[in-house]
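Participant: Kindly return the folded structure for what I paste below:
(chains A and B)
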Amino acid sequence: MGVLVVLLDRALDRALDRATEMNETLLQNVWWIPFYGLLGAIVTLPWSIGLIRRTGPRPAAYLNILMTVLAFIHGLVLFRATLVWQEPQQVLIHWLSVADLDLTFALNVSPVSVGAMELVTGLSLLAQVFAIGYMEKDWALARFFALMGFFEGAMSGLAISDSLFLTYGLLEILTLSTYLLVGFWYAQPLVVTAARDAFLTKRVGDVLLLMGVVALGTMAGSLNFPDLYNWAETANLSPLTSTLLGLALIAGPVGKCAQFPLHLWLDEAMEGPNPASILRNSVVVACGAYVLIKLQPILILSPVASIALLTLGTMTAIGASLVALAQIDLKRALSHSTSAYLGLVFMATGLQWTGFALLLLFAHAISKALLFMALGGIISTTNSQNMTEMGGLWSRMPATTGSFLIGGAGLVGILPLGGFWAMRLGLDDFWSQPWLVAVLLLVNGLTALNLTRVFRLVFLGQPQPKTRRAPEVAWPMAVPMVSLIITTLLVPLMLAWLNLLPDWEYMNKPALGLLILSGLTGCVLGSSLTLKRTWSRPMQISLRFLQDLLAYDFYIDRLYRVSVVFAVSSISRLVAWFDRHIVDGFVNLVGLASLFSGESLKYSISGQSQAYVLTILVGLSLLGMIITWSMW
Amino acid sequence: MLSSLIWTPILGAVLIAFWPGLSASRSRWVAIGVTVAALIWSLLLGSQFDVSSVSLQFLEDLPWIESLGLSYQLSLDGISLPLIVLNALLTAIALWSSDSDIQRPRFYYSLLLLLNAGVAGAFLAQNLLLFFLFYELELVPLYFLIAIWGGARRGYAATKFLIYTAVSGVLILAAFLGLTWLSGSSDFIYNPLASQALSLGQQFILLGMLLVGFGIKIPLFPFHTWLPDAHVEASTPVSVLLAGVLLKLGAYGLLKFGLGLFPDAWAVLAPGLAAWAVVSVLYGSFTAIAQKDMKKMVAYSSIGHMGYVLLACAAATPLSILGTVFQMISHGLISALLFLLVGVVYKKTGTRDLDLLSGLLNPERGMPVIGSLMVLGVMASAGIPGMVGFISEFLIFRGSFPVFPTQTLLSMVGTGLTAVYFLLMVNRVFFGRLSKQAEDLPPVVWNDRLPSVVLASLIVAFGLQPSWLTYWTETTTTALLPHPAAAVVGTVQLSPHESVTLSSPLVSPRLPIPNPIEEN
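Facilitator: The predicted structure follows:
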């Protein structure tokens, strides 16, 4: 036994030695990890544009999955190395240096950033394998995988980016790929509007962020985060500048994370294919929050921005939790809870509790991905997203039921899984401010209530026509589900391994009690609600009003339609009218006038010399009068 | 060396027009051959170009009409080099995408070559009068190209174009004459120091003329109304050249003659110019939103995007001027791509009406590749990173912000609006179900796609590697600025870091521009 240990030890030593030699190589090649996804997207092109038809689109899918596997393994090697290095490493990539502008991208290689990248590539890998099953019958499989590769590349790049410029660029690319993925089934009318709204809403945030980036680049002289942090420590800005800067910087993440007032796109985006929704609800929104966390040391400059973060986060957290309760669409019910959780992250960032924010993002990403896989299984089996048409699936689809249960348990704070530990940390952080604790508990309770409600509608009760013949999903979907179930269950162990769990004696026991109590209350309320299908439209006016209010997102989209959208379209129509009739009208009038005067002048050519003499005389007299004007 | 860029196309044009019995397809190939040769030649010149030098390179100087002060003086600098290459490339693309069974082919091809020669001459001329000659020369073929091969209202559009551009030419000529005579110079050689002899009032008048003259060409609000009409009536290849190259003449003139010749008056007018730029950007963008014709939408977007050029010129920092040149190339590539794609849609469906078209991305019966390229094109135009539109706009915004923060921020709204109108277009035309209008389309062949694919690759390549472009231009744009730091220094107090970076050579007053002619 002892010999074995010594041997193992030596092997480990040798491996570590080699690792130190490889350090430099590993660091210098870190950019490959995001690049794999992009490469996958590029090699898929012949299939997606229809150059290769004979093989069918499957090879494209396999190529992309292969690339993601490469990225995952590469990332894993790097992650182990970062744990050995301890210190965060920086890699500089010189891109463009002109005049007084130096655009050098910094990449940050630390356990957190590489871990985030691993989360992205891992979930992307699972989602892609899942997509092989889910998208089996889709003719545009190759295009889908190309977009997924693109998506993955942008997100992994974002995880290790240490430059605000690069981060901004990748956020925009995420916006573009969200647009393309949501608009994947572009022949459907709802998809068209959903893709448009997703792009434009995020674009509003992005343009504001770009304003912030340009201003910050000018003031700080560099756009790499370490330089920005240094600058922020000594910066002396006027209150107005710092407020505007702070608000511009948070606008991008607000759009990306579907926070009020730029939150409507996420709900609509559920029209897109489900494997993309898995990523969108877990890691894409997390990317926005991740950027926010990176920006946090700069946001300190602006108290207003912090207050705005807290306010928007709270509004979204409570509002979205309530709205989720009234949804009857499977995916939408859960997408609103994504907004709610990201709201908590915003609150945490506004109060500078970035540890809680990161932990919640991590736990949420894994559990939400699992939940969305379960939804994907249900949707592909029943061909429906309407919860009121479902029931009794638990005995027919055990793996899916398990995924939903474990995913839900990992999300809310009842059982000691990821969500629980994240919320515990949050309660500790918020403990001095009771109303924040209340918000956190409320979100926890409402999420538990919502999940219980969905679970009862979908899995319990009597089977309905659409759920009567519902076989369990095929292996390409089952394998990622089960892997993710295991991962979700292992989250507490990972946290313990990373020393993120506190000792028992240091724990805030009343907080734990409250947390579990709130979760349980939600579950109990959820199970005691009367959920009759005929009640999906209540008869009482007041209830009905409340349900509609929540089901239609507090009518915020209508509010936008009569305000922002109306304003832009009226201004554009007014300007176009002005252009057509006033500017161009004036030009045409000048043309017409010159033509007309020419035409009419020609009638004065009478041939009578008296008339010519008279004209000359009058003209000369007028001229004389003008010249001698001063003498009069 | 440079003359061949002008005279080879002219020779080709003469050949095509007068060679007895030349068939349509032959004349097409001759024309394409000539422009490809010009393209290769300009690339070769680029490889010989000394990027570190600000002196006049490949100088050709022949006395012509000395009593008038007109000499045939051509030279290349870092601003005109990319524009020359762009001109040759887009002419080749325009020729390639012309219908092979076009009416009166020989006249058509020789006109396109003449246009190419005129534009190349204008970019190369170092004599003010010579520039004016080429500037006017380019007008004639374009008038015929619109008036003969245009759409239903081609007569109106062509005349409007002619009158506008003629007025522009007259104003520019007047400004040049005024500058030369008032400064007591005996010739029209481009001399950045000429205006120093003038009083500020005189400079304002002359600069005002130039601004209106080039403002018509760029075009800027309110002198823009010829552009949408010309674009809508012109055929696709002519639109490509009009948007891709000819508008650049205005921007080039603004930069080289406006800012370059009248730096003092320019510095005083700059805030007004920046405000004008904002109006032009927002006006163009808002008008584009309300358009129903795809081509008109792209045309109005040109007005918006060329407005950035004025903003950057007004700011006149080394970075913003570099951004100007970058934006010219970027807009040249992107708008050419968009016009090409709209042209393919029009050719296949017979309409450009947003209300009639839908679902063209349909994989079997639509045009999926054209649609995908269109998505790429509009995203590039909307400034999505990874494509050339983003980096050019970023350079402009970043370069202009220190001088005109408010105006820059307002202009940035324009990029958001670009996303709005182009997304509306893509969503209507390419997404959704295939409309009745678009059923039974003739197939899109690779010949239709090839030019767009070339442009799209360039858009992505320069977007990923902007230094391939800035490498040629940076020295010239920095040298163009007489007192680059004067405007910037005022805002340096914003940060302690910036002042360190700016205390370098940029702050040195008035860089002497070596003039080899004086040295001779």
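Participant: Please, where are all the helices along the stretch 501-632 of chain A?
Facilitator: Ranges of helices in the stretch 501-632 of chain A, per DSSP state H, counting those that start in this stretch, are A:509-528, A:541-551, A:556-560, A:566-577, A:584-601, A:609-627.
Participant: show me where pLDDT drops low in chain B?
Facilitator: The model of chain B has pLDDT under 70 over residues B:482-520.
Participant: where do the strands sit along it?
Facilitator: Ranges of strands in chain B, per DSSP state E, are B:57-65, B:70-76.
Participant: Could you show which parts of the stretch 1-150 of chain A are in contact with chain B?
Facilitator: Selection of the stretch 1-150 of chain A residues close to chain B by C-beta under 8 Å from any C-beta of the partner chain yields A:49, A:50, A:95, A:96, A:97, A:98, A:99, A:100, A:101, A:139, A:140. Yep, even glycine has a C-beta here, placed from its N, CA and C like the rest.
Participant: Now the fourth one. Nearest residue, chain neighbours left out?
Facilitator: Think residue A:96. For residue A:96, ignoring the flanking residues on the chain, the nearest one in space by C-beta to C-beta, 6 or more residues apart in numbering or on different chains is residue A:103 at 4.4 Å.
Participant: where does the one you found land in three-state SS?
Facilitator: What DSSP: H, G, I helix; E, B strand; the rest coil gives for residue A:103 is strand.
Participant: and among the strands of chain B, the most buried is which?
Facilitator: Of all those, strand B:70-76 carries the top mean neighbour count, a mean of 21, counting by mean count of other C-beta atoms under 10 Å in any protein chain shown.
Participant: picking up where we left off before, mind giving me the PyMOL command for buried ones among the residues of the stretch 1-150 of chain A next to chain B?
Facilitator: A single PyMOL command selects the buried members of the residues of the stretch 1-150 of chain A next to chain B (16 or more other C-beta atoms under 10 Å in any protein chain shown):
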select buried, chain A and resi 49+95+96+98+99+100+101+140
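Participant: between the residues of the stretch 1-150 of chain A next to chain B, which is closest to residue A:274?
Facilitator: Closest approach to residue A:274 among those (C-beta to C-beta): residue A:140, at 14.9 Å.
Participant: What is the longest helix of chain B by residue count?
Facilitator: In terms of residue count, the longest helix belonging to chain B (DSSP state H) is helix B:318-349.
Participant: Just name whatever secondary elements that one is in contact with.
Facilitator: With contacts taken as 3 or more C-beta pairs under 8 Å, 6 or more residues apart in numbering or on different chains; DSSP states H and E, helix B:318-349 sits against helix B:80-96, helix B:236-241, helix B:247-253, helix B:294-315, helix B:368-381, helix B:388-400, helix B:446-464, helix B:467-480.
Participant: does any bit of the first one sit next to chain A?
Facilitator: No: on the criterion C-beta under 8 Å from any C-beta, helix B:80-96 is out of touch with chain A, staying 14.1 Å away.
Participant: before we move on, the earlier item: quick check: angle from the longest helix of chain B to helix B:467-480?
Facilitator: Using axes from the mean of the first three to the mean of the last three C-alpha atoms, to 10 degrees, the inter-axis angle of helix B:318-349 relative to helix B:467-480 is 130 degrees.
Participant: rewinding a little: as a markdown table, the helices and strands packed on helix B:318-349 with distance to residue B:413 and mean neighbour count would be great.
Facilitator: Output for these, formatted as a markdown table (distance: least, C-beta to C-beta, whole Å; neighbours: other C-beta atoms under 10 Å in any protein chain shown):
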| stretch | distance to residue B:413 | mean neighbour count |
| --- | --- | --- |
| helix B:80-96 | 28 | 25 |
| helix B:236-241 | 27 | 26 |
| helix B:247-253 | 21 | 25 |
| helix B:294-315 | 10 | 28 |
| helix B:368-381 | 15 | 24 |
| helix B:388-400 | 11 | 28 |
| helix B:446-464 | 22 | 18 |
| helix B:467-480 | 26 | 20 |
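Participant: Relative to residue B:357, which of those is closest?
Facilitator: The nearest among the helices and strands packed on helix B:318-349, by C-beta to C-beta, is helix B:294-315 at 8.0 Å.
Participant: Output the contacting helices and strands for that closest one.
Facilitator: In terms of contacts (3+ C-beta pairs under 8 Å, 6+ apart), helix B:294-315 is packed against helix B:226-233, helix B:247-253, helix B:263-289, helix B:318-349, helix B:388-400, helix B:405-429.
Participant: What is the burial count for residue 346?
Facilitator: No chain specified, so I'll use chain A. Applying other C-beta atoms under 10 Å in any protein chain shown, we find 30 residues neighbouring residue A:346.
Participant: Wait, chain B was what I had in mind.
Facilitator: Neighbourhood size, residue B:346 [other C-beta under 10 Å]: 19.
Participant: Now it. Nearest residue, chain neighbours left out?
Facilitator: Nearest residue to residue B:346 in three dimensions, chain neighbours excluded: residue B:352, at 5.1 Å (C-beta to C-beta, 6+ apart).
Participant: which ones are touching the closest residue to residue B:140 other than its chain neighbours?
Facilitator: Excluding the flanking residues, the one nearest residue B:140 by C-beta to C-beta, 6+ apart is residue B:114, at 7.5 Å. If a contact means C-beta atoms under 8 Å, 6 or more residues apart in numbering or on different chains, then residue B:114 has B:9, B:10, B:13, B:137, B:140, B:141 as its contacts.
Participant: Relative to chain A, how far out is residue B:114?
Facilitator: 27 Å (C-beta to the nearest C-beta, to the nearest Å).
Participant: if we can go back for a sec, may I see the strands of chain B arranged in JSON lines, with distance to chain A as well?
Facilitator: Converted to JSON lines, the strands of chain B look like this (distance: least, C-beta to the nearest C-beta, whole Å):
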{"stretch": "strand B:57-65", "distance to chain A": "20"}
{"stretch": "strand B:70-76", "distance to chain A": "20"}
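Participant: I'd like to know which of these lies nearest to residue B:250.
Facilitator: Closest approach to residue B:250 among the strands of chain B is made by strand B:70-76 (19.9 Å; C-beta to C-beta).
Participant: How far off centre is that closest one?
Facilitator: Centre-to-centre, strand B:70-76 and its host chain are 21 Å apart (C-alpha atoms, centre = their mean, to the nearest Å).
Participant: so how many other residues sit close to residue B:148?
Facilitator: When neighbours are counted by other C-beta under 10 Å, residue B:148 registers 15.
Participant: Please apply the same query to residue B:144.
Facilitator: 16.
Participant: nearest residue to it other than its sequence neighbours?
Facilitator: Closest residue in space to residue B:144, ignoring its immediate chain neighbours: residue B:111 at 5.6 Å, by C-beta to C-beta, 6+ apart.
Participant: Next: residue B:390.
Facilitator: Counting by C-beta to C-beta, 6+ apart, residue B:383 is the residue found nearest to residue B:390 once chain neighbours are left out, at 4.7 Å.
Participant: for residue A:354, same thing?
Facilitator: Counting by C-beta to C-beta, 6+ apart, residue A:354 lies nearest to residue A:293, which is 5.0 Å off, once chain neighbours are set aside.
Participant: pLDDT of the helix or strand containing that neighbour, averaged?
Facilitator: Here residue A:293 sits within helix A:285-299, counting by DSSP states H and E. Computed over helix A:285-299, the mean pLDDT rounds to 90.
Participant: helices or strands next to that helix in the packing?
Facilitator: helix A:141-160, helix A:164-182, helix A:225-234, helix A:239-256, helix A:303-325, helix A:330-350, helix A:354-382.
Participant: Cheers, nothing more for now.
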